[in-house]
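A.B. asks: Quick one: sequence plus predicted model below, questions after.
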Amino acid sequence: MEEPKKRNLPILPWMRRPVDIQQFEDCPLGLVPCLDQRLQAALEKMTISSLFPVQVAVWLETIGPGSFERDLCINSPTGSGKTLAYALPIVQQLSTRKISCLRALVVLPTRDLALQVKKVFDAIAPAVGLHVGLAVGQSSIEEEISTLIKKPKLGVGMSFDPEGFQTELQSSVDILVATPGRLMDHIKTTKGFSLRHLCYLVVDETDRFLREEYQSWLPTVLRLSCPDQQEVSSHTSSYYFSTIGQLRTLRRCGVERGFKGKMSPRLVKLVLSATLTQDPSKLSQLALHHPLFLTTGPKRYKIPERLESCTLICESKMKPLYLVALLQGLRGEKCIVFTSSMKRTRRLTTLLKFFGELPFKISQFWGQQHQSTRSKTLDSFRKGEIDVLISSDAIARGMDVEGVRNVINYDMAPYVKTYIHRAGRTARAGQSGRCFTILRKGEMKRFKEMLQKAGEGSCTAHTLPADSVDQLRPVYESALKRLKEGDLETSKKKGMRAGGIKRKKDDVDVEGAAAAGD
Ligand SMILES: Nc1ncnc2c1ncn2[C@@H]1O[C@H](COP(=O)(O)OP(=O)(O)OP(=O)(O)O)[C@@H](O)[C@H]1O
């Protein structure tokens, strides 16, 4: 697949003067200025003893001298700790709140990611008396509402009527972690769900959000969290970009919200990614306020320090055989194998199962699986009950599974960003890891160009012992035969049932598109 041609985009002025995260070092918790003792204890319980550089940088711009005065755009490698970088200052800042209401909203593109981020907030927020909610559509909307909205206390003989109590309904949560689809459901239908007091908006995996045109949640959230202002719509923001030449917020300085006439701070936005877009028209959708750009080093992208990129060359038809030989050589180390689509994930998993007894346990993961199946699979993978997870790009972004030692691109990543996110499932939190890409000889040139764009100068050519491949040939032949027989059987059944209904398009699951949006 050809990478779409890039227009020569201007770099926004504020992006030309970034704060380099590399100038910061890990900081032991005891030395973190102003860190609440209760949060320090909660972090220690998570076995965290110091903050990572991106966390120190964000802390200084929020709790430190920066004191949340500017919106932050954070471009930091995969696995560098971006989640805690925003969660910690937000929780510390809200720890002194007197009245409970929804003050921080964290939006993520998929349910699996939202569940993961909620766990991080759950580990620290209760230590300072804050409540964290989840709006992802994992349970029925009624169940979700019951966790998000406090029912008023009723006198004897009175029954609860949400219409009548609309003005008295209050949020049960201070922080909400949400996916866009379910967030919009609550905005549209849930009585008492209000964004009026929102102080922090986090858009994690920002570039993923900004490239999806169907997302109307962002202008809606911006409008509802600053009701006294002009609507921030896509036309107004592009107008502002084109006429003023750089991004500017429409927000008046900090007086529009608060309780009983008291001023409350403006809505602060934190946007993050390992591959943050630099496209001005996309960034303009965020209506950023004096944005400060924090990035890692001079290059556009950076892959983790201890990540090694490797290639494995073979003919296309031998890919499954080479994959199995490679996995055998890795001796049960935790691996994620990426394919280009859900269909290829399912097929590869079936084929590997036809190999019979293999010295590693495999399972599959793709976006349109039922949520409970995906959660169970991830859980087993985390616990080490599964060694090899075959996946579409549904798991490529953000997923954090401890101990993944290897990523294998069974199908080459179509774009540099996809490569960075896939590879970033290993070598996290300062650990080492390897990213193998199985390639045909003819793909090598394009792959090397992609690696260079990813900021990675070198890659190692991996070879397999010849006998490991030869030994597997007979079993590979018979596995292929069984797969083809299965195909024949399925198409016969389908033919009988539908009399030749057209086949569906291949179900490409680009970075979890199918898992997104709820
Ligand atoms: N200060 C810390 N000390 C030790 N481990 C940490 C620290 N901060 C985060 N981690 C761990 O590092 C891992 C990666 O963190 P996180 O998922 O936030 O990375 P990320 O930068 O968001 O990555 P991605 O771009 O892939 O989403 C997690 O397992 C997390 O628990």
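C.D. replies: Received it, and whenever you're ready, just let me know what you need. Numbering: from 1, shown residues only.
A.B. asks: neighbouring contacts of stretch 129-148?
C.D. replies: 91, 94-95, 97, 100, 111, 114-115, 118, 121-122, 125-126, 171-179, 181-183, 185-186, 189-190, 193, 371, 518 (CB atoms under 8 Å, 6 or more residues apart in numbering). Backbone N, C-alpha and C define where each C-beta goes, glycine included.
A.B. asks: so what's residue 488 scoring on pLDDT?
C.D. replies: pLDDT, residue 488: 79.
A.B. asks: Tell me, domain by domain, which residues of this structure belong where.
C.D. replies: As given by the TED database, the domain ranges for the chain are 13-151+169-227+253-295, 307-475.
A.B. asks: what mean pLDDT does the first one have?
C.D. replies: Domain 13-151+169-227+253-295 comes out with an average pLDDT of 91.
A.B. asks: And the ligand, is that domain touching that?
C.D. replies: Yes - using CB under 6 Å from any ligand atom, we find that domain 13-151+169-227+253-295 touches the ligand at 48, 50-52, 55, 76, 78-84, 274.
A.B. asks: Quick check: buried residues in stretch 122-130?
C.D. replies: Under the neighbour-count criterion of 16 or more other CB atoms under 10 Å, stretch 122-130 has 123, 124, 125, 127, 128, 130 buried.
A.B. asks: Stretch 478-495 now?
C.D. replies: 479, 483.
A.B. asks: who's in contact with the residue lying closest to residue 29 once chain neighbours are set aside?
C.D. replies: Closest residue in space to residue 29, ignoring its immediate chain neighbours: residue 40 at 5.0 Å, by CB to CB, 6 or more residues apart in numbering. By CB under 8 Å, 6+ apart, the residues touching residue 40 are 29, 30, 32.
A.B. asks: Which single one of those residues is nearest to the ligand?
C.D. replies: Ranked by distance to the ligand (CB to the nearest ligand atom), the contacts of residue 40 are led by residue 29 at 8.6 Å.
A.B. asks: Give me the buried subset of the residues of domain 13-151+169-227+253-295 next to the ligand.
C.D. replies: Buried members of those, counted by 16+ other CB under 10 Å: 48, 51-52, 55, 76, 78-84, 274.
A.B. asks: The closest residue in space to residue 25 that isn't next to it in sequence: what's it in contact with?
C.D. replies: Leaving aside its sequence neighbours, residue 25 sits nearest to residue 53 (CB to CB, 6+ apart; 6.3 Å). The neighbourhood of residue 53, defined by CB under 8 Å, 6+ apart, consists of 21, 22, 24, 25, 26, 80.
A.B. asks: what number of residues lie near the first one?
C.D. replies: Read that as residue 21. Neighbours of residue 21 under the rule other CB atoms under 10 Å: 24.
A.B. asks: and the gap between it and residue 99?
C.D. replies: To residue 99, residue 21 is 35 Å away according to CB to CB, to the nearest Å.
A.B. asks: State the pLDDT value of the residue of the stretch 301-450 of the chain found nearest the ligand.
C.D. replies: Closest residue of the stretch 301-450 of the chain to the ligand, CB to the nearest ligand atom: residue 429 (3.2 Å). Listed pLDDT for residue 429 reads 97.
A.B. asks: and what of residue 166?
C.D. replies: 51.
A.B. asks: got it, and residue 492?
C.D. replies: For residue 492, the pLDDT comes out at 76.
A.B. asks: quick one: what helix or strand has it in it?
C.D. replies: Element membership of residue 492, judged by DSSP states H and E, is helix 466-498.
A.B. asks: Then residue 428?
C.D. replies: Under the assignment given by DSSP H and E, residue 428 is not contained in any helix or strand.
A.B. asks: which pair in the contacts of residue 53 spans the largest distance?
C.D. replies: The largest separation in these, counting by CB to CB, is between 25 and 80 at 13.1 Å.
A.B. asks: Just the CA atoms of stretch 322-329, as PDB, please.
C.D. replies: Presented in PDB, the C-alpha positions along stretch 322-329 are these (Å, rounded to 0.1, in the frame of the first residue of the first chain):
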ATOM      1  CA  TYR A 322       9.000 -18.700   8.900                       C
ATOM      2  CA  LEU A 323       6.700 -17.200  11.500                       C
ATOM      3  CA  VAL A 324       6.400 -20.500  13.300                       C
ATOM      4  CA  ALA A 325      10.200 -21.200  13.100                       C
ATOM      5  CA  LEU A 326      10.800 -17.600  14.500                       C
ATOM      6  CA  LEU A 327       8.300 -18.200  17.300                       C
ATOM      7  CA  GLN A 328       9.900 -21.500  18.200                       C
ATOM      8  CA  GLY A 329      13.300 -19.700  18.400                       C
END
